[in-house]
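>>> for reference, the sequence and a predicted model appear below.
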Number of protein chains: 2
Amino acid sequence: MTYPKASNLAYVPFVSVDNMMQLVNHIGLEECMRELADFIEADFKRWPEFDKTPRVASHSHDGVIELMPTADAENYGFKYVNGHPKNMKEGFQTVTAFGVLSSVSNGYPILLSEMTILTALRTAATSALVAKYLAPKHAKTLALIGNGAQCEFQALAMKAICGITHVRLFDIDPAATRKAAKNLSETGLIVTPCSSSEQAIEGTEIITTCTADKQSATILTDNMIGAGVHINAIGGDCPGKTELHQDILHRSSVFVEYPPQTRIEGEIQQLDPEFPVTELWKVMLGQASGRTNADQITLFDSVGFAIEDFSALRYVHTKIAGTAFFEKLDMLADPDDPRDLFGMVNRRS
Amino acid sequence: MTYPKASNLAYVPFVSVDNMMQLVNHIGLEECMRELADFIEADFKRWPEFDKTPRVASHSHDGVIELMPTADAENYGFKYVNGHPKNMKEGFQTVTAFGVLSSVSNGYPILLSEMTILTALRTAATSALVAKYLAPKHAKTLALIGNGAQCEFQALAMKAICGITHVRLFDIDPAATRKAAKNLSETGLIVTPCSSSEQAIEGTEIITTCTADKQSATILTDNMIGAGVHINAIGGDCPGKTELHQDILHRSSVFVEYPPQTRIEGEIQQLDPEFPVTELWKVMLGQASGRTNADQITLFDSVGFAIEDFSALRYVHTKIAGTAFFEKLDMLADPDDPRDLFGMVNRRS
């Protein structure tokens, strides 16, 4: 990736919420998630090249604020993201986010982007990418338990990337299910609203849980899960927040993004720190097995990792080139003489 | 600190470089650093209330990119900052920065600000605040070794906060010294350009080193330092980057911001991890001794800590209220129904 010359370096391209929505609609939501999944897959396949660290979390009574940095030899990226389950009732988003991509060679930011929408897209694209590797062959039906802000993106990504045709919805709040069913009504998916988790998972090959309670919940119990399914557990993503009964984990082959982070935040926080897990990048490179038989329960213990955000920022940076879907932000002081910051400030008066 | 109601929450106040320069000049540079020092001192005096962590650094061949987060019960703040010594020769700033202040209760950002200028201000304000506690009484003369972007801010902060009247300048590049002398010519300070470090420190009570080489340098050797001075060592601020010969450290009382970070990054990285240091917040609260006699060498091993940036962001957030020194940035997705992110994106097409 190249960056502009010094004269333009005071200005950082900024993708606002409105520009992100226009960009996504310009590309098309399904195409956008397919392309995003390609970027994520490419970066997973060069996993050892990245500077990796568990995200840096600041926990408070009502939620968490996190920074998620990573870098390769050329670019550095980070995301700021919060998670506040109580927000929804107060009219705020549970999760909001923004991120920055920079040039490693001089440390200058080359992109500032909203990432509330982009996180929803990359999370769904990652789920579908992983399901492409792990779900039963020719899976057609998806259960979506938890019909909040992430739900429809999950459905469309699984359609675009895995060929899902049927979606079964359940949420403890029927209004959330109605909202999701309405939003999905013109996507070509066959949508069935359900009145319980048990009903939602009937006959499905892929089960996605994306609920938001900041506590240990049991969205799925052991007796609900038969053989040969793929579980995509998204909601359990911080310490003390899980969705699955641990007996399910013991019956499953568990796949994770970055073990040092997932052991703290994921479903496997319930288990011994030595519990065996497989890293997804190794499956994608053919260095580890994915699904090995039709009866196997595969489980993606998804918590979201910085490399997915890095891929998403890289994708947006590529897509906005030559378009009008960004503004230029006067974010970096750029005095004519780089040592004369004082003179620059002084002369502005 | 209060934050706007939901209807305004899509918009984050943004202080651009130009607005920061206007704000600083509107307040007046010296007054600005006095006020900043007051905010920093207030936050140092409630040190145990903060969620603290060493900064998260990503090192590369040419420099470093760092995230510096901290939080109290009400606000969360972080700064993005790079350090690339080679940048200057290529026409870029060695250090650029920006930062965000958020509400802990819902995780929403309430301020995005440029921090290249603000970092220069807070670093100088912190140096002068610390010198107010540690320098010899009635100190009037300051040596500034390293006349880059930080130099003039240091001089003015020491004037505004400690009553310094004379400044002696040295840099290995005479052009840098000429630049600084010219910038300081109308500030009321009596400025003496010098041709060596030895000459610069003659008769000074406070010695500030702020050079930028990313390596172990020896800007000050042991025989240069007499009794009864205060040393403000700014430039040694990452692993492998120091400015002082270690014999000076052994003769000094060493004061630091946050020991877990300074032991990795500061001058004391040269010493045993058990080398005794005093935390500045304890001196400010009267819980530890500062300067106890006139012959003592006091040394502030400054690396810059997240709480100083938090204070600076809090200060800017306070000062822009009711002014025109900010824009509103469409940075947060804010659908009418917080669960209907998909609908919001879809309806934009």
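Structure's in. What do you need?

>>> tell me which element A:Cys130 is part of?
If you look again at residue A:130, you'll see it is Val, not Cys. With elements delineated by DSSP states H and E, A:Val130 resides in helix A:116-134, which encompasses its position.

>>> now swap in A:Thr298 and tell me
strand A:297-301.

>>> burial measure for the residue of the stretch 151-300 of chain A found nearest chain B, as a count.
Taking CB to the nearest CB as the measure, the point where the stretch 151-300 of chain A comes nearest chain B is A:Glu152, at 3.7 Å. To be clear about C-beta, it is placed using only N, CA and C from the backbone, and glycine gets the same treatment. A count of nearby residues for A:Glu152, using other CB atoms under 10 Å in any protein chain shown, gives 31.

>>> the one 3 residues further on now?
Using other CB under 10 Å, A:Ala155 has 27 other residues around it.

>>> now swap in A:Pro13 and tell me
Once other CB under 10 Å is used to define contacts, A:Pro13 is seen to have 22 neighbours.

>>> excluding chain neighbours, what is closest to it?
By the measure of CB to CB, 6 or more residues apart in numbering or on different chains, the closest residue to A:Pro13 outside its immediate chain neighbours is A:Phe326, 4.5 Å from it.

>>> okay, angle between the following helix or strand past the strand holding A:Thr298 and helix A:116-134 too, please.
Downstream of strand A:297-301, the next assigned helix or strand under DSSP H and E is helix A:306-320. Relative orientation of helix A:306-320 with respect to helix A:116-134: 110 degrees, computed using axes from the mean of the first three to the mean of the last three CA atoms, to 10 degrees.

>>> what packs against helix A:306-320?
Helices and strands touching helix A:306-320, by 3 or more CB pairs under 8 Å, 6 or more residues apart in numbering or on different chains; DSSP states H and E, are strand A:11-15, helix A:17-27, helix A:29-44, strand A:64-71, strand A:75-83, strand A:97-103, strand A:109-114, helix A:116-134.

>>> JSON lines for the ones you listed, including distance to A:Cys210?
Shown next, in JSON lines, are these (distance: least, CB to CB, whole Å):
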{"stretch": "strand A:11-15", "distance to A:Cys210": "25"}
{"stretch": "helix A:17-27", "distance to A:Cys210": "20"}
{"stretch": "helix A:29-44", "distance to A:Cys210": "16"}
{"stretch": "strand A:64-71", "distance to A:Cys210": "17"}
{"stretch": "strand A:75-83", "distance to A:Cys210": "12"}
{"stretch": "strand A:97-103", "distance to A:Cys210": "16"}
{"stretch": "strand A:109-114", "distance to A:Cys210": "21"}
{"stretch": "helix A:116-134", "distance to A:Cys210": "9"}
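
>>> let's have those in a markdown table, adding mean pLDDT and distance to A:His245.
A markdown table is the format used below for those (pLDDT from 0 to 100; distance: least, CB to CB, whole Å):
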| stretch | mean pLDDT | distance to A:His245 |
| --- | --- | --- |
| strand A:11-15 | 96 | 40 |
| helix A:17-27 | 96 | 36 |
| helix A:29-44 | 98 | 29 |
| strand A:64-71 | 96 | 24 |
| strand A:75-83 | 97 | 22 |
| strand A:97-103 | 98 | 30 |
| strand A:109-114 | 97 | 36 |
| helix A:116-134 | 97 | 20 |
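
>>> chain center to the helix or strand hosting A:Ile161, what's the gap?
Element membership of A:Ile161, judged by DSSP H and E, is helix A:151-162. Its chain's C-alpha centre lies 13 Å from the corresponding centre of helix A:151-162 when counted by CA atoms, centre = their mean, to the nearest Å.

>>> quick one, what contacts the residue of the stretch 151-300 of chain A closest to chain B?
With contacts taken as CB atoms under 8 Å, 6 or more residues apart in numbering or on different chains, A:Glu152 has the following neighbours: A:Ala180, A:Asn183, A:Leu184, B:Phe342.

>>> name the nearest of those relative to B:Trp47.
Using CB to CB, B:Phe342 is the member of the contacts of A:Glu152 that lies nearest B:Trp47, at 44.3 Å.

>>> re earlier: list only buried entries from the contacts of A:Glu152.
When neighbours are counted using 16 or more other CB atoms under 10 Å in any protein chain shown, these contain these buried positions: A:Ala180, A:Asn183, A:Leu184, B:Phe342.

>>> out of those residues, who's nearest B:Ile161?
Checking these against B:Ile161 with CB to CB, the nearest one is B:Phe342 at 53.3 Å.

>>> state the helix or strand in which that closest one lies.
Under the assignment given by DSSP H and E, the secondary-structure element containing B:Phe342 is helix B:341-347.

>>> wait, isn't A:Ile190 in contact with A:Leu169?
No: with contact defined as CB atoms under 8 Å, A:Ile190 and A:Leu169 do not form a contacting pair (11.5 Å).

>>> neighbour count: the two, which is higher?
Neighbours of A:Ile190 and A:Leu169, each counted by other CB under 10 Å, are more numerous for A:Leu169; the result is 26 against 13.

>>> neighbouring contacts of the host helix or strand of the more buried one?
Taking DSSP H and E as the definition, A:Leu169 sits inside strand A:166-170. Strand A:166-170 is touched from outside by A:140-145, A:147, A:151, A:155, A:158, A:177, A:180-181, A:184, A:189-197, A:199-202, A:204, with contacts defined as CB under 8 Å, 6+ apart.

>>> quick one: strands adjacent to the lowest-mean-pLDDT helix or strand in chain A?
Taking mean pLDDT, DSSP states H and E as the measure, the helices and strands of chain A show their lowest mean at strand A:216-220, namely a mean of 78. Using DSSP bridges, the strands paired with strand A:216-220 are strand A:242-244 (parallel).

>>> now the strand it pairs with: average pLDDT?
Across strand A:242-244, the average pLDDT comes to 88.

>>> for stretch A:245-253, buried residues please.
Within stretch A:245-253, the residues that qualify as buried are A:His245, A:Gln246, A:Ile248, A:Leu249, A:Ser252, A:Ser253, counting by 16+ other CB under 10 Å.

>>> helix, strand or coil for the third one?
Same thing as A:Ile248. Per DSSP: H, G, I helix; E, B strand; the rest coil, the local secondary structure of A:Ile248 is helix.

>>> that one and A:Asn232, how far apart?
When distances are taken as CB to CB, to the nearest Å, A:Ile248 and A:Asn232 turn out to be 13 Å apart.

>>> likewise the last one?
Noted for A:Ser253: a distance of 14 Å to A:Asn232, by CB to CB.

>>> same deal with the fourth one?
Counting by CB to CB, the gap from A:Leu249 to A:Asn232 is 14 Å.

>>> over to A:Asn223?
On the measure of CB to CB, A:Asn223 and A:Asn232 end up 20 Å apart.

>>> burial of A:Gln199, as a residue count?
With neighbours defined by other CB under 10 Å, the count for A:Gln199 comes to 13.

>>> residue contacts, it?
Taking CB under 8 Å, 6+ apart as the contact definition, A:Gln199 lies against A:Arg168, A:Phe170.

>>> if you count neighbours, what's buried in the strand or helix carrying it?
Secondary-structure element containing A:Gln199, defined by DSSP H and E: helix A:197-201. For helix A:197-201, the buried set under the neighbour-count rule, 16+ other CB under 10 Å, comprises A:Ser197, A:Ala200, A:Ile201.

>>> name the nearest of those residues relative to B:Trp47.
Taking the buried residues of helix A:197-201 together and measuring to B:Trp47 by CB to CB, the closest member is A:Ser197, at 47.5 Å.

>>> rewinding a little: so A:Asn223 and A:Asn232 - more neighbours on which side?
Counted by other CB under 10 Å, A:Asn223 and A:Asn232 do not tie: A:Asn232 has more neighbours, with 27 against 10.
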